[in-house]
Each structure stands twice: as C-alpha cells, then as structure tokens.
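Student: Got a predicted model here, sequence first, then my questions.
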Amino acid sequence: MEDRLRVGVVTTTHGIKGELKVFPTTDDVNRFKELKKCYLTNNKETLEVNCVSCKFMKNIVILKFKEFDNINDVERFKQYDILVDRADAVSLGDGEFFICDIIDADVYDEYDKYMGVLTDILETPANHVLVVTKEDGEEKLIPLIREFVFDIDTVNKRVKVKDFEMVEAD
C-alpha cells in the first residue's frame, strides 16, 4: 500500500499572493477544509507544505500554503500532485477503499477463474468502471456495482467479479 495518497493536481496559480488552483482527485472535496500538512510533488521533487486556507470556486479548490507568499514562488508547481500521508487521509466507511489500493489487483470471476489484472478505474456519471486487462492484452470493462463486483480485498489485492459478456443491441 502506498504511504501517500493523491488528493489533487495543481492546475495553475490564482491571484498574486501565492495561491494555487487545484483539481480535486478525491471523492470528498470537503477534505480540503481540514487539510494541514501535505506534499507537492512532480516525481522528481517533493516538498512538504502547510495549508493555511482553502476556498472553493466551481469544481476547483484554491489553496494557500504558509511557505509561499507571491505568484513567483508558486508558478513552477503547475501540474504537481498534492499528496497526503495515509494517516491523514479521510476515514473510510464500510465497503469503501482507496482506488490506489486495488490498482494492479488480480481479478477473478465468481468461479475463481483468473480473468486478468485491474489496470484502471474509469469515473463515469453513472458509476465507476473497472478496466481489467486480460493476459492477451484485451481489456474488459466491468461496472463497479454490487451486481457485478462482490468482493474487494485490498490487503491481498484481489477482486472478485461476475463474468459477463456484453450483448450488442440490434
């Protein structure tokens, strides 16, 4: 399991006082109201920063960090990820999980037949969709709903699903 979780991606600066516009990658945007310590990273560099204010503007979060006071200090952070320590992440409810905890999980059907590896999760307006890559490289899409996904084991990275073939409508 990853020690840090991505909660957003910096899109651009906001104003001249060192604020950043952040696209949230978390289901709970209100988590930013409680954000204190976090990390700015681009995989080459990681900086620990302390959030001192949070505002919301449409689907964007505007964050201000104690360490930066003007636009010149933060311009370089465009496209940086914002990470939080797992210990500081929001609490999960029963049956909830972090997406990063099941990516690369082995996927089995209801008869314990190996289907492939969970390589991605697509977010759609109706529901999330699991992308399972079979050994031959073919991808199978499975809606992340109880009727099709009935066991998610984050500890053993194993997902159990109902195997179905999509029937094309005439």
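Tutor: Arrived safely. Residues are numbered from 1 along each chain as shown.
Student: for the worst-scoring helix or strand of the chain on mean pLDDT, which positions count as buried?
Tutor: Every helix and strand of the chain was ranked by mean pLDDT, DSSP states H and E. The lowest is strand 149-153, at a mean of 90. Going by neighbour count (16 or more other CB atoms under 10 Å), the buried part of strand 149-153 is 149, 152. No exception for glycine: its C-beta is placed from N, CA and C like everyone else's.
Student: send the alpha carbons of it over as CSV?
Tutor: Extracted C-alpha coordinates of strand 149-153, given in CSV (Å, rounded to 0.1, in the frame of the first residue of the first chain):
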residue,chain,number,x,y,z
VAL,A,149,-18.3,-6.7,-8.2
PHE,A,150,-18.9,-8.6,-5.0
ASP,A,151,-15.6,-8.9,-3.2
ILE,A,152,-12.7,-6.4,-3.0
ASP,A,153,-9.8,-7.5,-0.9
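Student: where along this structure do the strands fall?
Tutor: Along the chain, counting by DSSP state E, strands occupy 4-14, 19-24, 37-41, 46-57, 60-65, 81-85, 106-109, 114-123, 128-133, 139-143, 149-153, 158-161.
Student: so which of the ones you listed comes closest to residue 95?
Tutor: Residue 95 lies closest, by CB to CB, to one member of those: strand 149-153, at 8.1 Å.
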